[in-house]
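*Asks:* model this:
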Amino acid sequence: MNSVDNVLHLSQTFGLQASEPGVIVVEFIFSIVCQLVDASLDDEGLLELTPEKKSKWVTKSQDMEIDSYDNYDEKRIEHQERLQNLNTVMAVELIGKFLQNKVTSRILYLARQNMPLHWGSFVQQIQLLVANSSAVRNSKVTTAEALQQLATSTCKILSWECKMISPQKFHEVMASGSLASSAGLCHGASRSALWLPLDLVLEDLMDGSQVNATSAVEIITGLLKALQAFNGTTWHESFLGLWMAALHLIQREKDPIEGPVPRLDTRLCMLLTISTLVVADLIEEEESAATDEMECTEKEVPGTRRGDLVSSLQSLGDYKGLLAPPQSVISAANQAAAKAMMFISGINVGTAYFECVSMKDMPLNCSGNMHHLIVEACIARNLLDTSAYFWPGYVNGFINQIPQTLPVQVPSWSSFMKGAPLTPTMKNALVSAPASSLAELEKVFEIAVKGSDDEKIAAAAILCGASLIRGWNIQEHIVYFISRLLCPPVPADYSGSDSHLISYGPMLNVLLVGIAPVDCVQIFSLHGLIPQLACSLMPICEVFGSCVPNFSWTLPTGDEVSAHAVFSNAFALLLKLWRFNHPPLEHGVGDVPPVGSQLTPEYLLAVRNSHLVSSGNIHSDRCRRRLSSVARSSSPKPIFLDSFPKLKVWYRQHLACIASTLTGLVHGTPVHQIVDGLLNMMFRKINRASQSVTTVTSGSSSSSGPGNEDTFVRPKLPAWDVLEAVPFVVDAALTACAHGRLSPRELCTGLKDLADFLPASLATIVSYFSAEVTRGIWKPAFMNGTDWPSPAANLSNVEGQIKKILAATGVDVPSLIAGGRSPATLPLPLAAFVSLTITYKLDKASQRFLNLAGPALETLAAGCPWPCMPIVASLWTQKAKRWSDYLVFSASQTVFLHNNDAVVQLLKSCFTATLGLNVTPISSNGGVGALLGHGFGSHFCEIACSAVSKDRMEKLKKAKNGIRYGQVSLATAMTQVKLAASLGASLVWLSGGSALVQSLIKETLPSWFISVHRSEQEESSGGVVAMLGGYALAYFATLCGAFSWGVDSSLSASRRRPRILGTHMEFLASALDGKISLGFNWATWCAYVSGFLSLMVACTPTWVLEVDMEVLKRLSKGLRQWNEEKLAFDLLSVDGVGTMGVAAELIIESET
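*Replies:* Numbering: from 1, shown residues only. As a prediction, this is how the structure comes out:
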């Protein structure tokens, strides 16, 4: 073969350096077909129409002419022409045979996969030949249509005659539909079941107790790609599934429970902003790929996704019940409908008209719905044009005229853009109405940067107003502007020695208060700006926490703002971005991080810094471009925790407080003096008959001071100095209470005084109490209503509601509620903490800090023995009756932390409802995902494998008329297997993230296959259940990986995929080599291996490219030993030139 290559120069022609015999065979056969095409074109004078104008092969007839001039008569010319025509027809027919032959077609498929440029040129020449060749038209063997189809089709290889070693019923399962077949997935299941993972992910993103460092746009884009690949759906179906899932998310908020959780505004953001950005990214990805890559590569026709978007939105209009708008957005929906109606009526009015006119004044009914808002969001991002207004049924009719008398111009965005001054009235108007264009936001931002101090404050309030919450068409821009304002530039004329941030104190405080609500934080999270937000808050905390609070600012409203207030607002928001109160988990899973490990300041900064690094995809990824632009606007250089020494000291103290008891307070040091001062401030009102001074002692401090309140002055200390002393202060106070020197009421009053003095100290109080509860060294506090507040008034009612909620989800825990009358107790730190929190008012000012303390209290109570959580819930329901449903529901979730059997019951209920095995309460009510805890991945393998119930298997075994009925039953069973795997993969990914998926792939599955598993169901079913279990595991594993890492390389998490996947593929190869002994059912193992590799080839070919070439060769060899030649070939053909030679040899050997 090397001699052939040397003579024909094949490697030089095709640019391949490989010298394997198989590679040369591919080049040789491809060269023959190319020469036949060139010769045919040349014979018919068509070669001049090619881009090259000539052939690179020796094809011209005169090169081999041997006749003399004397013999050149007319008869000979006619004979030669006839021979040439016959030769041309024969060449065309040979081309068809090469493309049809079982062996050569597969070898040419390898050329297509690995020589895209040459294949593209070949296809163009075939198309030229088909369109213009008389030889093609005259051929009796092949037709023009057949020849073009053979060259330009997806080149599905002719079926292999597989000789499977599995039982006959294995063939029946295969006959029910291939693993990658969408028909198999949809058989017997509703189309909505395909998008179950999407529904779960959208609901999970609404969880206000946690924020994500990754943009929801990236998460949903990756998930939608995975579902589109595995379900085999069109992009029309995928976009429609996304719109409907987001609309269902809003519909589930029709009867919301009241509490400190994200509400309707966040869900509307998911539909009208995030989903629209997902679609925009997917369309731009396709269109940029069509521009950058040669047309000859196997890409979709440019623009198909944009067309699929149009058709999906047109189809969406048929779902009227789903499109009904919530009450709060009816006006916006009606205005969108009126805008379209006026446009098609030829009436040109601007936004100013709608700012002045009520919808009641319109001459026709302009009732709109969510469809109109979705279309407007797409038009605003240039995904659609105004031709959408002419879609059938989009509007109700035409408007012949508009009201002649318009009201007087009112303060609005239109008047502001025309030059109206930013008066208090104008500011209030712009705060309450969302901006409609980027230009409006840019003008406000310019004022915030260059305006007067009062104008800066007003501009900040406008940006944090309705535009942030309801500016769906420009929301990605407004979060960008707010992020930039949190890192204001140094003024050109600034010459002070202090940080320039101090001069921006009032504006920064308005921004911090404005974005503190739960919905606002969640919106930043959805846009992926949590890392940048944390990076912006750190310098604010560093600067204002170092200021002595001997100055303040007076706002235009008359309110006073101090450095302590700015620091506390920034610090509370910063800590909200990472779960600082969670104690570190001591035991991870193998070599991966602990399941559910929390975000840390270092991690958030690392993610933010990664946005600065240009990646290969950044120019074609709108989401990454947005995040990179925000990061670079604040600082073009990486930022690390060392840049904030005060924050770093506090963080290290926080970690030390969690790890061990307090030590190190030395008498006479500045910290000791601050501890003394704070204790005197907190307990200055205490005067006992036996003493005239306040004395509280703990194991780490002994402090006393004068109790004369008249001479007391609040200490003027930087916030960081106060926070350093707070753990010792709280420790001393709690110790005094434990020894009876402070009453519980005095303790709570003192802690509240400390939190009022520096609201940020609540964070350190939370940190201390969280750590002390885990130590278990404090005596219990009796919640009897005398010393501590009593839950007795409604504790039994709360416990009854918890049991009712659990029963509705199919969970029964008889031992949940003890029958005795023992008094309610809580660990002393928890009792102090809950008593402190219920002293706060439920107003807007306190809400910022309750949003910090609330999740910490819930986590702390959940980690304590039952029934601590119901007791805490009972106390808080007495405080906030309108939050009763939320508190009880939150308490019900903690059951699963205390009872593993409850977890199994809940999971079985989820799978039962999804598979439709019987009717349960949750099958109609839904929402079971909200009850799931974190890290319960170990049960999913067995549940996924047992998805086919025993009674259904009995019906399958007893089916009459043989294979015909068996195929139907097996197809239905296969559908259930796939749905179960889809649900299981979703729950694993959402509950444990990438860490749990990594553990599953690298450790759990291999150890499970090595161990011995047998079941009565497997033994009695003739191996069908075992094989279905293998398929379930294959789907489960690949979906887990696809959800976590993506099907391509666009997700940031995909960087971890090659290492994890490589480990698993090495395990599979070693098992196939016989190096690993398996204790598992052989049919399950065969089904898993073939299923996993088939899904990789069909749905995630990028994964195959990341696997070591030698491992692929070993896998292919093992598959061939199972007579799985086709799968072995497919696996090698995907990997490129490196395995092309081996694939070619496999083709030849299979036919010898």
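*Asks:* Could you list the low-pLDDT ranges of the stretch 1-150 of the chain?
*Replies:* 1, 5-6, 18-19, 56-73 (pLDDT under 70).
*Asks:* Which residue ranges of it form helices?
*Replies:* Secondary structure of the stretch 1-150 of the chain (DSSP state H, counting those that start in this stretch): helices located at 2-8, 10-14, 21-43, 74-100, 102-114, 116-132, 134-138, 144-152.
*Asks:* quick one: average confidence on the host helix or strand of V431?
*Replies:* Element membership for V431, per DSSP states H and E: helix 424-432. Mean per-residue pLDDT for helix 424-432: 93.
*Asks:* Show me what counts as buried in it.
*Replies:* Within helix 424-432, the residues scored as buried using 16 or more other CB atoms under 10 Å are 426-427, 429-431. Placement of C-beta: from N, CA and C, glycine included.
*Asks:* now, among these, which is nearest to M417?
*Replies:* Using CB to CB, L430 is the member of these that sits closest to M417, with 10.6 Å.
*Asks:* my guess is the closest one contacts C464, does it?
*Replies:* No. Between L430 and C464 no contact is recorded; they are 11.2 Å apart, counting by CB atoms under 8 Å.
*Asks:* Spatially central residue in this structure, please.
*Replies:* I219 (2.3 Å; CA atoms, centre = their mean).
*Asks:* check contacts around that one.
*Replies:* Contact analysis of I219 by CB atoms under 8 Å, 6 or more residues apart in numbering lists 201, 205, 212.
*Asks:* just curious, which of those residues is nearest to S562?
*Replies:* Proximity of the contacts of I219 to S562 (CB to CB) peaks at N212, which lies at 33.0 Å.
*Asks:* Spell out the secondary structure type for that closest one.
*Replies:* With DSSP: H, G, I helix; E, B strand; the rest coil as the basis, the three-state label of N212 is coil.
*Asks:* Could you tell me the average pLDDT over the strand or helix carrying K1113, please?
*Replies:* Here K1113 sits within helix 1109-1121, counting by DSSP H and E. Averaging pLDDT along helix 1109-1121 yields 90.
*Asks:* Look at the nearest residue to L537 once chain neighbours are set aside and report its pLDDT.
*Replies:* Leaving aside its chain neighbours, L537 sits nearest to L574 (4.3 Å; criterion: CB to CB, 6 or more residues apart in numbering). Per-residue pLDDT puts L574 at 94.
*Asks:* Just the buried positions in the strand or helix carrying L574, please.
*Replies:* Assigned by DSSP H and E, L574 belongs to helix 563-576. Residues of helix 563-576 classed as buried: 563-576 (neighbour count, 16+ other CB under 10 Å).
*Asks:* just stretch 381-394 next, same as before
*Replies:* Buried residues in stretch 381-394, counted by 16+ other CB under 10 Å: 381, 383-384, 388-389, 391, 394.
*Asks:* try stretch 441-455
*Replies:* The neighbour-count check on stretch 441-455 (16+ other CB under 10 Å) flags 441, 443-445, 447-449, 451, 455 as buried.
*Asks:* Format those residues as a markdown table; extra columns: pLDDT and distance to S315.
*Replies:* A markdown table is the format used below for the buried residues of stretch 441-455 (pLDDT from 0 to 100; distance: CB to CB, whole Å):
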| residue | pLDDT | distance to S315 |
| --- | --- | --- |
| L441 | 95 | 33 |
| K443 | 95 | 39 |
| V444 | 96 | 38 |
| F445 | 95 | 39 |
| I447 | 94 | 44 |
| A448 | 94 | 43 |
| V449 | 91 | 45 |
| G451 | 90 | 48 |
| E455 | 94 | 48 |
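*Asks:* Now intersect those with the strands, please.
*Replies:* Among the buried residues of stretch 441-455, DSSP state E puts none in strands.
*Asks:* on that earlier part again, of the buried residues of stretch 381-394, closest to S660?
*Replies:* The closest of the buried residues of stretch 381-394, once distances to S660 are taken by CB to CB, is R381, at 52.8 Å.
*Asks:* residues contacting the closest one?
*Replies:* If you count contacts by CB under 8 Å, 6+ apart, R381 has them with 276-277, 280, 473.
*Asks:* can you check T273 too?
*Replies:* By CB under 8 Å, 6+ apart, the contact set of T273 is 377, 472-473, 475-476, 526.
*Asks:* cool, L128 as well?
*Replies:* Residues in contact with L128 (CB under 8 Å, 6+ apart) are 41, 46, 49-50.
*Asks:* Please produce a ChimeraX select command covering the buried subset of those residues.
*Replies:* With 16+ other CB under 10 Å as the criterion, this ChimeraX line picks the buried residues out of these:
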select :41,46,50
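*Asks:* Format the contacts of L128 as CSV; extra columns: distance to C1086.
*Replies:* Shown next, in CSV, are the contacts of L128 (distance: CB to CB, whole Å):
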residue, distance to C1086
L41, 49
L46, 52
L49, 53
T50, 50
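*Asks:* re earlier: and the helix or strand following the helix holding L574 with helix 563-576, angle?
*Replies:* As assigned by DSSP H and E, the chain's next helix or strand after helix 563-576 is helix 601-610. Using axes from the mean of the first three to the mean of the last three CA atoms, to 10 degrees, the direction of helix 601-610 lies 80 degrees away from that of helix 563-576.
*Asks:* List of residues touching helix 601-610?
*Replies:* For helix 601-610, contacts defined as CB under 8 Å, 6+ apart pick out 213-214, 530-532, 534-535, 538, 577-578, 631, 638-641, 647, 651, 1052.
*Asks:* Which one (most neighbours) among the contacts of T273?
*Replies:* L526 (28 neighbours; other CB atoms under 10 Å).
*Asks:* Against R267, how distant is that one?
*Replies:* The gap separating L526 from R267 is 10 Å, by CB to CB, to the nearest Å.
*Asks:* To what extent is T143 buried, counted in neighbours?
*Replies:* 14.
*Asks:* Quick check: closest non-adjacent residue to it.
*Replies:* V136 (7.7 Å).
*Asks:* ok, now R306?
*Replies:* R306 sits nearest to I283 (CB to CB, 6+ apart), 5.2 Å away.
*Asks:* Next: K53.
*Replies:* Here the residue nearest K53, using CB to CB, 6+ apart, is L47, at 7.2 Å.
*Asks:* For the one you found, list the residues it contacts.
*Replies:* 38, 41, 53-55.
*Asks:* Could you dump those residues into CSV and include distance to G307?
*Replies:* Listed next are these as CSV, based on distance: CB to CB, whole Å:
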residue, distance to G307
D38, 36
L41, 34
K53, 36
K54, 39
S55, 38
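*Asks:* Which single one of these is nearest to V490?
*Replies:* Nearest to V490 among those: K53, at 62.7 Å, using CB to CB.
*Asks:* So what does the closest one look like in phi/psi?
*Replies:* When quoted as degrees, to the nearest 10, the phi and psi of K53 stand at phi 70, psi -10.
*Asks:* Tell me if A781 really is in a helix.
*Replies:* No. If the criterion is three-state DSSP, then A781 is strand and not within a helix.
*Asks:* ok, now which ones touch it?
*Replies:* Counted by CB under 8 Å, 6+ apart, A781 has contacts 744, 787-788, 825-828, 830-832.
*Asks:* how about a cut-off of 10 Å?
*Replies:* A781 makes contacts with 737-738, 744, 787-788, 824-832, 834-835, as judged by CB atoms under 10 Å, 6 or more residues apart in numbering.
*Asks:* Filter these down to the ones in strands?
*Replies:* In strands, judged by DSSP E, the following of the contacts of A781 are found: 825-827.
*Asks:* after the longest helix along the chain, next one along is what?
*Replies:* Ranked by residue count under DSSP state H, the longest helix found in the chain is helix 963-999. Tracing the chain C-terminally past helix 963-999 and defining elements by DSSP H and E, one meets helix 1005-1010 next.
*Asks:* mean confidence for that next one?
*Replies:* Helix 1005-1010 comes out at a mean pLDDT of 90.
*Asks:* what packs against that helix?
*Replies:* Other elements packing on helix 1005-1010 under the criterion 3 or more CB pairs under 10 Å, 6 or more residues apart in numbering; DSSP states H and E are helix 940-945, helix 1024-1045, helix 1057-1073, helix 1082-1099.
*Asks:* No further questions, thank you.
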